[in-house]
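Student: the following block contains a protein sequence and its predicted model.
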Amino acid sequence: MTNIAIHGAAGYTGQELLRILAGHPEVEVAQVTSGSFEGRAVGGVFPGLAPFYDLRFAGRDAVPPAEVEVVFLALPHGEAMGAVPPLLAAGKRIIDLSADFRLQDPTAYPAWYQRAHTAPEFLPTFAYGLTEWCMEEVREARAVANPGCYPTGALLAILPALAAGLIDPTTLIVDAKSGVSGAGVKASETTHFVHANESLKAYRVAHHQHTPEIEQMATKVAGQTMTLSFTPHLVPMNRGIATTAYAALHPGVTEETVRNAYAARYAQAPFVRLLPPGRFPDTAQVRGSNQCHLQVVVDERTRRLIMLSAIDNLVKGASGQAVHNLNVMLGWPETTGLGAPPVVP
């Protein structure tokens, strides 16, 4: 049994980690921390988890016990930078769910996250944890930067087309719509019920912080510098991300060619499913699961490829993907602890 810690366990992604790991046969949660609930029982804060955990939240700055081998960091952006150096020095493995170690260029953090990176020397230590595309790097890593929710949905949809050279990379546009939980557990004027309910709006247009993360991985796969348009939207649902991406097809590319490329690329990926023709991704059909549903359509009239995906932003877009990375890091079957089907309406 592998002992793990979850730092920042009271947020949405921390709660999802607790829920998923309650059914993981290889893991024992030995420590949970929270800045808000220090000293309180996990089951007292989250009654649904009471039968599974006899733990109390330690304080925000608690040091992991010696027996802990892996630490999940579910901290607010900016806090993992300070937490990582002592954890690595103590020999812990790390899976960071924040954005602090996703971008390999330290100069990108002031531009996109409005803060300087305080531990840039550790950026090369982190493998990017888009598991289906970075399996070998994750397998060898001591530290993994778990991807953002928007990049996960976008990259799983667009990377096969880029890898197979099916599209003109300079024409790529990504449009995505997320449930309100993507903004985190702390309420704001934007996410307050009366503002978010019965409303749909774009936000951070042309400067969303996930843009360089999508471009970084797309550049790696495409073999050329990628600059794309990404527009996120907030929709009045609790969870889920629907992504639609568009790009001009290269001459001669058919829908059969595209489907074959996607089917081949994800043939061994247990959580990615290319839907049958005519069926489109639906966030309700992946809710609560680590699945990603994909569809690809060739628009012959415009000669564009339309790439669609649906994920649960808190599972495949965060905590489920983190557990997938844990399984790969420790040599367990990919699906360990992640086999539950979606919560279908």
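Tutor: Sure thing, it's come through. Residues are numbered from 1 along each chain as shown.

Student: what sits up against the helix or strand V144 falls within?
Tutor: Per DSSP states H and E: V144 is located in strand 143-145. Under the criterion Cβ atoms under 8 Å, 6 or more residues apart in numbering, residues 84, 88, 93-96, 100-102, 122, 125-129, 138, 322, 325, 329 lie in contact with strand 143-145. From N, CA and C alone the C-beta is placed, and that goes for glycine too.

Student: how is the chain carved up into domains?
Tutor: 2-146+316-329, 149-312 (automatic domain parsing).

Student: off-centre distance for the shortest one?
Tutor: Yep, that's domain 2-146+316-329 we're talking about. 12 Å (Cα atoms, centre = their mean, to the nearest Å).

Student: likewise the last one?
Tutor: When C-alpha coordinates are averaged (Cα atoms, centre = their mean), domain 149-312 and its chain have centres 12 Å apart.

Student: could you tell me how many residues sit around Q209?
Tutor: For Q209, the count of nearby residues is 20 (other Cβ atoms under 10 Å).

Student: let me know the pLDDT of the closest residue to it other than its chain neighbours.
Tutor: Excluding the flanking residues, the one nearest Q209 by Cβ to Cβ, 6 or more residues apart in numbering is W112, at 4.6 Å. Here the pLDDT value assigned to W112 is 94.

Student: W112: neighbour count?
Tutor: Counted with other Cβ under 10 Å, W112 comes out at 18.

Student: quick one, what contacts it?
Tutor: L103, H207, Q209, T211, P212.

Student: distance of it from G240?
Tutor: From W112 across to G240, the span is 24 Å (Cβ to Cβ, to the nearest Å).

Student: ok, A99 next?
Tutor: 20 Å.

Student: so between the two, which is more surrounded?
Tutor: G240 (29 against 22).

Student: thought N313 was touching the more buried one, still the case?
Tutor: Yes - using Cβ atoms under 8 Å, G240 makes contact with N313 at a distance of 6.2 Å.

Student: tell me, what's touching these two both at once?
Tutor: With Cβ under 8 Å, 6+ apart as the test, G240 and N313 both reach S178, G179.

Student: now, the contacts of strand 143-145 that are in strands?
Tutor: If you go by DSSP state E, the contacts of strand 143-145 have R93, I94, I95, D96, F126, A127, Y128 in strands.

Student: ok, and the most crowded of these?
Tutor: I95 (28 neighbours).

Student: quick one, what contacts it?
Tutor: V70, V71, F72, L73, G129, A143, V144, N146, A322, N325, L326, M329.

Student: so which of those comes closest to E79?
Tutor: Closest approach between the contacts of I95 and E79, by Cβ to Cβ: L73, at 7.9 Å.

Student: which stretch of helix or strand covers the nearest residue to T335 once chain neighbours are set aside?
Tutor: Spatial nearest neighbour of T335, excluding adjacent residues (Cβ to Cβ, 6+ apart): P270 at 5.2 Å. Secondary structure from DSSP H and E places P270 outside every helix and strand.

Student: the stretch 51-200 of the chain: helices as residue ranges?
Tutor: Per DSSP state H, counting those that start in this stretch, the stretch 51-200 of the chain carries helices over the ranges 80-89, 108-113, 135-140, 149-163, 193-196.

Student: out of those helices, which one sits most buried?
Tutor: Comparing those by mean neighbour count (mean count of other Cβ atoms under 10 Å), helix 149-163 ranks first with a mean of 26.

Student: brilliant, that's me finished.
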